[in-house]
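Q: need coordinates for the below:
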Amino acid sequence: HVGHARGAVIGSSLPNVLEAAGYDVQREYYVNDAGNQMRVFYDTLYSRYMQAAGHDVPLPDPAYTGEYLQELAADLLNDLGDNAVSKDRADATAELAPEGLKRTLADIRRVLELLGVTYDQWFYEGELFRTGRFEQVLELLEDSELIVERDGAKWFAATKLGLEEDIVVIRGGGGGPTYFGTDIAYHHQKFFERKFDRVINVWGADHHGHVARMNALMQAFGIDPDRLRIIINQIVNFKDDGESVKFSKRNNVMVTIEELLDEGGADACRFIFLSRSPESHMEFHLGLAKSQSSENPVYYVQYAHARMCSIVRVADERKIGFDSADDARAAAVGDHRGARVATPVEYCRNLALIAGKRDQVRGIGEVPAHGAHHVPVTLAVGAVRPVLGRGRADFCQGVGRREARSAQFDVFEPGLRGEFEIGTPQPL
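A: You can find the predicted model right below:
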């Protein structure tokens, strides 16, 4: 569903940043293959399968009414045959369920990959019950007197940990575990079995009330609550030409991520979803996402990427390696720990090195490591413009005039920054 797209993009982008910073990150998709919602899914799938086979079987209440389940049921009938038709509801559902889940997850995986989202592991909620993890963790909490029975249900005694009310973990009347109940076992498995140092959950806005109870759970486990970070992403409203948009391919029942990608493309969708903080509501303007001009904010990112690729290509042609570029930058801006400050001569020479025009720069004078000084620098004005144009430079500021053959630079102590601008090339 398109409502999950923002969370998927946030959840896939953050690991990229963490990995770039040197962290060992695992991306995980939590498959809700157990619990009441999946029972509703399977019951609906059975009804749609029987209807596709020509039998008048009503939908359950509640049910998933989207057309996607009609399509899935028709595919199962076509591919698996009508063997399940003659079986009772329970046996037929048990036969259809595994293939229905497999195909649904395959489609989710395919569409997420179109959005640029991939996972290292798909964790199945059912494993918490098949391995006995759920019962084991509840027994641990019972031993700590943090699970109480009341009104036929089992409750997490959150009031003992500072919350205003206790929380149901197993419903009465055979209703089964709640979402919070399985969250207890899932997070215990993450911290105690797989031993993650930090866990980051990206949840939808409807889970906002769960944050406090998860912090209480961490206390119950004896774990620093700061090791669990929950990011809540808010609702997205879609607009086109100022009007709210409802997609028609699913008869206004469900808007899919694939439909959104057909409208705007993956790059634009990802950039726009990341342009606002997760906790803020946002409006997604489809017209802007579809625009192939500077009005589209992602245009600037794509353009900058193209320019950077061009710089790397030219550097490769001129046999300028990244190590040389790093050394040049370090010499240009000096050591931020106070060892030395680059002179304007060094600064201009190194910028020219990056631009591949070392022979167009020469100068005179040396500058002490501290204090502000004026030093004349002779250079081909514009030698570095192809690389940097106008922007910021550490420790130096100055203006190169079109008619001048030299420019005056001020050198400041480390940590200060200034503006610079280089004009058009002039002969030496």
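
Q: low-scoring pLDDT stretches of the protein, where are they?
A: 1-3, 245-255, 321-428 (pLDDT under 70).

Q: what do you get if the cut-off is 50, keeping everything else the same?
A: By pLDDT under 50, the weakly predicted segments of the chain are 248-253, 331-428.

Q: which helix in it has the most residues?
A: helix 89-114 (DSSP state H).

Q: next SSE after it?
A: Next helix or strand after helix 89-114 toward the C-terminus (DSSP states H and E): strand 121-124.

Q: and that next one, what does it pack against?
A: The contact analysis (3 or more CB pairs under 8 Å, 6 or more residues apart in numbering; DSSP states H and E) places strand 121-124 against strand 28-31. The way it works is simple: take the backbone N, C-alpha and C, and place the C-beta from them, glycine included.

Q: is residue 169 in a helix, a strand, or coil?
A: The assignment at residue 169 comes out as strand when based on DSSP: H, G, I helix; E, B strand; the rest coil.

Q: burial count for it?
A: Counted by other CB atoms under 10 Å, the residues lying close to residue 169 total 23.

Q: and if you look at residue 270?
A: 23.

Q: wait, a strand at residue 283?
A: Yes - secondary structure of residue 283 (three-state DSSP): part of a strand.

Q: just checking, it touches residue 236?
A: Yes - with contact defined as CB atoms under 8 Å, residue 283 reaches residue 236; the gap is 7.5 Å.

Q: more neighbours, those two?
A: Neighbours were counted for residue 283 and for residue 236 using other CB under 10 Å; residue 236 has more, 19 against 12.

Q: quick check: phi and psi on that one?
A: Backbone torsions for residue 236, taken as degrees, to the nearest 10, come to phi -110, psi 130.

Q: so what's the closest residue to residue 167 other than its chain neighbours bridging to?
A: Of all residues not flanking residue 167 in the chain, residue 156 sits nearest, at 4.6 Å (CB to CB, 6 or more residues apart in numbering). Bridge pairing for residue 156 (DSSP bridges) gives the partners residue 147, residue 167.

Q: quick check: residue 156 touching residue 142?
A: No - at 10.5 Å, residue 156 does not count as touching residue 142 under the criterion of CB under 8 Å.

Q: of these two, which one has the most company?
A: Each of residue 156 and residue 142 has its neighbours counted (other CB under 10 Å); residue 156 has more, 26 against 13.

Q: ok, that one - contacts?
A: By CB atoms under 8 Å, 6 or more residues apart in numbering, the contact list for residue 156 reads 141, 146-147, 166-169, 180, 184, 213, 216-217, 220.

Q: and those residues, which two are furthest apart?
A: The distance between the two most remote of those (CB to CB) is 15.6 Å, for 168 and 220.

Q: for residue 164, see how far away the residue nearest the centre of the chain is.
A: Closest to where the C-alpha atoms of the chain average out (CA atoms, centre = their mean) is residue 10, at 2.5 Å. The gap separating residue 10 from residue 164 is 30 Å, by CB to CB, to the nearest Å.

Q: now the helix or strand encompassing residue 78: how far from the chain's centre is it?
A: Assigned by DSSP H and E, residue 78 belongs to helix 67-80. Chain-centre distance of helix 67-80: 32 Å, with CA atoms, centre = their mean, to the nearest Å.

Q: one step back: in the longest helix of the chain, what counts as buried?
A: Residues 92, 93, 95, 96, 97, 100, 101, 104, 108, 111, 112 are the ones in helix 89-114 that count as buried (16 or more other CB atoms under 10 Å).

Q: looking at the residues you listed, which is nearest residue 63?
A: Proximity of the buried residues of helix 89-114 to residue 63, judged by CB to CB, is greatest for residue 93, which lies at 13.5 Å.

Q: so what's the closest one up against?
A: 42, 43, 45, 46.

Q: nearest residue to the last one other than its sequence neighbours?
A: It refers to residue 46. The nearest residue in space to residue 46 (CB to CB, 6+ apart) is residue 93, at 4.7 Å.
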